[in-house]
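Novice: I need the structure of the sequence given here:
(2 chains)
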Amino acid sequence: MRIERARGTRDFLPAEMRKRRIMEERMRDIAEKWGYEEIRTPTFERSELFTLKSGEGILKEMYEFEDKGGRHLALRPELTAPVIRMYVNELKMAPKPTKVYYFDNCFRYEEPQRARYREFWHFGAEIIGSNRPEAQAEIIALTFHILSSLGIKAEAELHVGHVGLIREVLRAANVGEDEINKVMRLIDKGEREEVVEFMREMGAKEELTDDLIYLIDLKGKEALKEVRDRKIIASDSDALKELEMLLEILDYYDVVYTLNLGIARGLDYYTGMVFEIYEVGGKLGAQNQICGGGSYRLAALFGGDDTPSTGFAFGFDRLAEIFTPETKELRRSEVVVVPIKEKNADQDVIKEAIKIASKLREFFTTHIDVMSRSLSAQLSYANSIHASFAVFVGKNEMKEGKVTLRNLDTGEQEKMGVDECVERVKACFEDE
RNA sequence: GCCGGGGUGUGGUAGAGGCAUCCCUUGGGACUGUGGAUCCCAAGACCUGGGUUCGAAUCCCAGCCCCGGCCCCA
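Specialist: Numbers count the residues shown, from 1 in each chain, chains lettered A, B, ... in the order given. This is a model prediction of the structure:
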C-alpha cells in the first residue's frame, strides 16, 4: 500500500533543502550579528496558550488533540505566543532588552494553495522589554537587512502603521473597547464601506467617521504632518509622537518604507507599531505577504508582568519561492574514488581506496563505490552526479604509491602522490 | 468552509469504449584499466471505490490528492 503525504505538507528534496539551508544560514547570520540569540520552543503546547489571545480565526485552524492523559494540546499555529510564554516561564530575569530569534515549523489547518501550506516555517525575532521606538525601529531594520541578505529587497515593499493612532481617535470619541476591536478588524480586512456602516450603526458623528477614513487612507511621508495640521489627533498624542520618532530612526537606518495607517493586523493584542512586508514581483499570487510584525503586550496574559515587546515573523516558505541562490552556491564540489579491481578482485585495492577516500574526506565531499561496479559504470556514476574529479586506485598506482587524478571536466589525468592530489583538488575548488 | 481546473511509470507525454505510445529515469550487459555515444535486456503507470457496459484509462457518481481563487493569514 502506497502512503501519500498528508495534505498540505511537503517533502523537501536535496536540491530544495540545500537552497533552504543557504537562506537559513544567511538569515541566522544577520540575526546573530544584531545580537539576537536562538531559542526553540516545543512543537505542541497546551491549547489555552493559543486560544487565550487569538480570536476564533486561529481556533478553527488549529491542529488540536487530546493526549493519553487527557490534556488539551495543539500544534503551534505561530510562535509569538510560545516565545512569550517561555519568556514568562524562564527568562523574566534576563537582562533587558531580551533579544531572541527562532526558525521553526508551524501548523494550520487551512486549504492549501499557492504559498500556503498546512505545515510551514516561520523565521522570526522578538525584542522583549522595551517600549521605545528605538526597539521598534531595530526590529524593522532587522527584517530589512535579512531581506537584503537574501537579495530580495527590491521585490519587497514595507508598510508601517500604528494601531495606536486609530484607537486614540476612537477612544477620544468615547467608543468602547469592544467596538474599537471590531472596527480594527474591519479596517484590516480593507472593508471601507463596512467601517462606515458600522460607525453609523454605533451612532458615531459623521465627522468622526470622516477623520477615521482619512486616517486609514493616509500613505507616504507627508501624512503625519497632515494629521497634525488637520488636528485629527491631539498634538500631545503619545502614539503620534512615538510613530514620528520611529519613522525618523528608520531614516537613520536607511530603511525604505511606506506609511500605511490602514494596517490594523486583526489580532487584538497589537498595541502600537505594526508592519507588513509584501512581495510585489507577482511571484506569490494571492499570498503576497512575506512578513508581519509589530509591538504587543502578551506577557501579562500568560501570568507575567506587563512587558512591552516588538517582533516579526517571516513566512520562510514564501521567501523560498522568491529566493534564487547563485548557481555557484548550489554547485557541489565532489570527488569520486574509483577502485580498479582486477579479475580476481583482490581486496588490497579496496582497502587502499578506502584509506584514500578517508584522507580526501578531511577536505572534500568524497564518494566511493558501494555497488561493486565496473570501472566504466563507476565513471558513469561520477558523471551523472556531476562530480569534478575521479581518483583512480588500481594495481599500477599502488605499485608506485600514487593515485591517478582525473579532471572530469577536461578529461585530463595524471599520476601523483595522495598529498599532491589533495593540493591539486583544493586549488581547483578554491578558484570557484 | 466555499468556488473553478486537473490526476496515465521518477518526471514529461500519446491514447476519447476493446491491443497503453514515446522520451527521460533507474538497474544490468555488450566493454575483464578510462565516463556522457550506440545497441541489447530488465524495472516501472491509467488516484481510490462504486455504477453503466459483453468490455472502462476513456462515460456517470462519490471520495482522495494536486494546481489556482475566495475567506483568513506568513
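
Novice: what's the first-to-last distance across stretch A:216-231?
Specialist: Distance across stretch A:216-231, first residue to last, is 15 Å (CA to CA, to the nearest Å).

Novice: sort out which residues of that stretch are buried, please.
Specialist: A:216, A:218, A:223, A:224, A:227 (16 or more other CB atoms under 10 Å). For every residue, glycine as well, the C-beta is placed using N, CA and C.

Novice: which one of the residues you listed is nearest RNA strand B?
Specialist: residue A:216 (15.2 Å; CB to the nearest atom of the strand).

Novice: what's whatever helix or strand that closest one lives in packed up against?
Specialist: Using DSSP states H and E, residue A:216 sits within helix A:206-217. In terms of contacts (3 or more CB pairs under 8 Å, 6 or more residues apart in numbering; DSSP states H and E), helix A:206-217 is packed against helix A:163-172, helix A:192-201.

Novice: residue A:133 contacts residue A:253, doesn't it?
Specialist: No: Residue A:133 lies out of contact with residue A:253 (CB atoms under 8 Å); the separation is 11.9 Å.

Novice: who's more crowded, the two?
Specialist: Set side by side, residue A:133 and residue A:253 show more neighbours around residue A:133, with 22 against 15, by other CB atoms under 10 Å.

Novice: ok, that one - contacts?
Specialist: Contacts for residue A:133 (CB atoms under 8 Å, 6 or more residues apart in numbering) come out as A:242, A:243, A:245, A:246, A:249, A:273.

Novice: from RNA strand B, how far off is it?
Specialist: Distance, residue A:133 to RNA strand B, using CB to the nearest atom of the strand, to the nearest Å: 22 Å.

Novice: where's that residue relative to residue A:139, distance?
Specialist: Using CB to CB, to the nearest Å, we find residue A:133 at a distance of 11 Å from residue A:139.

Novice: which one, of the helices and strands packed on helix A:206-217, ends up nearest to RNA strand B?
Specialist: helix A:192-201 (9.7 Å).

Novice: tell me what the closest one is packed against?
Specialist: Applying 3+ CB pairs under 8 Å, 6+ apart, one finds that helix A:192-201 contacts helix A:177-189, helix A:206-217.

Novice: which residues are contacting stretch A:218-228?
Specialist: Outside stretch A:218-228, the residues within contact range by CB under 8 Å, 6+ apart are A:165, A:215, A:233, A:235, A:240, A:243-244, A:247, A:258-262.

Novice: burial count for the residue in the stretch 51-200 of chain A that RNA strand B sits nearest to?
Specialist: As assessed by CB to the nearest atom of the strand, RNA strand B sits closest to residue A:114 within the stretch 51-200 of chain A, at 3.2 Å. Residues near residue A:114, counting by other CB under 10 Å, number 12.

Novice: okay, now the nearest residue to it once chain neighbours are set aside: neighbour count?
Specialist: Spatial nearest neighbour of residue A:114, chain neighbours left out: residue A:285 (4.3 Å); criterion: CB to CB, 6 or more residues apart in numbering. Burial of residue A:285, expressed as a neighbour count using other CB under 10 Å, amounts to 12.

Novice: surely residue A:285 forms part of a helix?
Specialist: No: applying DSSP: H, G, I helix; E, B strand; the rest coil, one finds residue A:285 to be coil, outside a helix.

Novice: show me the residue at the heart of chain A, geometrically.
Specialist: The centroid of chain A falls nearest to residue A:123 when counting by CA atoms, centre = their mean (3.1 Å).

Novice: now the helices: where do they sit in the stretch 201-350 of chain A?
Specialist: Under the criterion DSSP state H, counting those that start in this stretch, the stretch 201-350 of chain A contains helices at A:206-217, A:223-229, A:238-252, A:316-322, A:327-330, A:347-361.

Novice: the helix holding residue A:216: how far from the chain's middle?
Specialist: Distance of helix A:206-217 from its chain centroid, counting by CA atoms, centre = their mean, to the nearest Å, is 36 Å.

Novice: and stretch A:355-369, by the same measure?
Specialist: With CA atoms, centre = their mean, you get 35 Å for stretch A:355-369.

Novice: straight-line length of it, end to end?
Specialist: Taking CA to CA as the measure, stretch A:355-369 stretches 13 Å from start to finish.

Novice: can it be found next to RNA strand B?
Specialist: No: contact of stretch A:355-369 with RNA strand B (CB under 7 Å from any atom of the strand) is absent, the minimum separation being 9.5 Å.

Novice: tell me the buried residues in the helix holding residue A:216?
Specialist: A:208, A:209, A:211, A:212, A:213, A:214, A:215, A:216.

Novice: what of stretch A:378-389?
Specialist: Quick answer for stretch A:378-389 (16+ other CB under 10 Å): A:378, A:379, A:381, A:382, A:387, A:388, A:389.

Novice: mind checking the SS state of residue A:35?
Specialist: coil.

Novice: to what extent is it buried, counted in neighbours?
Specialist: Residue A:35 is flanked by 11 other residues according to other CB under 10 Å.

Novice: list the contacts for it?
Specialist: Here residue A:35 is in contact with residue A:99 (CB under 8 Å, 6+ apart).
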